[in-house]
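1. Requesting a structural model of the entry that follows:
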Amino acid sequence: MLNLNPTELLAWRGFLHTHDTLWKALDAELDEDGLNLPAYELLTTLQEAGTGGLRMTDLARSLRFSGGGLTRLADKLQTQGLIERRRCATDGRGWEALLTPEGQRKLRRVHARHLRSVRTLFLDRLTPQETELLAALWARFQAPAAPGQEDPE
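-> Here you go, the predicted structure:
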């Protein structure tokens, strides 16, 4: 059986603990406005996409959601009047989602406060050099593992 050395164990458990702590704090803050982190990420992704919105399949891929998970969240946000779904103009089989004017207003209301919390809880604890290093390191995890790196056994 493989084991982690003490430094590796601290790095791994530190990542897990930090992710959990930050997620809970940021999610609780957004809950005051009736959102959660996945909903906030969906709204910001649609805002970045512009007035044309995004195909639901592209949105699910971008957000790392299953189709069913995205549908449930989109149903909730549509019921709240924050997004709209419509048939794709270029392909009548597909659906696209876009931010409604109410969704834009809601996002403007929560965006600045959320980013202040991200800065306070995370970014302010790092030097600019550490932030650059983390940004570069996270990029490594976005790419698939190289052949032979999937299972070190």
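2. going forward, measure contacts between C-alpha atoms and count neighbours the same way
-> Noted.
3. mind listing the helices for this structure?
-> Using DSSP state H, the helices of the chain run over 6-31, 37-49, 56-63, 67-79, 101-121, 128-142.
4. Among the ones you listed, which comes closest to residue 94?
-> Closest of the helices of the chain to residue 94 is helix 56-63, at 7.6 Å (criterion: CA to CA).
5. Report the buried residues of that closest one.
-> Judged by neighbour count using 16 or more other CA atoms under 10 Å, the buried positions of helix 56-63 are 56, 57, 59, 60.
6. Alpha carbons only: can I get it in CSV?
-> What follows is helix 56-63, C-alpha atoms only, in CSV (Å, rounded to 0.1, in the frame of the first residue of the first chain):
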residue,chain,number,x,y,z
MET,A,56,-27.1,24.1,-21.9
THR,A,57,-24.6,21.4,-22.9
ASP,A,58,-21.8,24.0,-23.0
LEU,A,59,-22.9,25.4,-19.7
ALA,A,60,-22.9,22.0,-18.1
ARG,A,61,-19.5,21.3,-19.4
SER,A,62,-18.2,24.7,-18.3
LEU,A,63,-19.6,24.3,-14.8
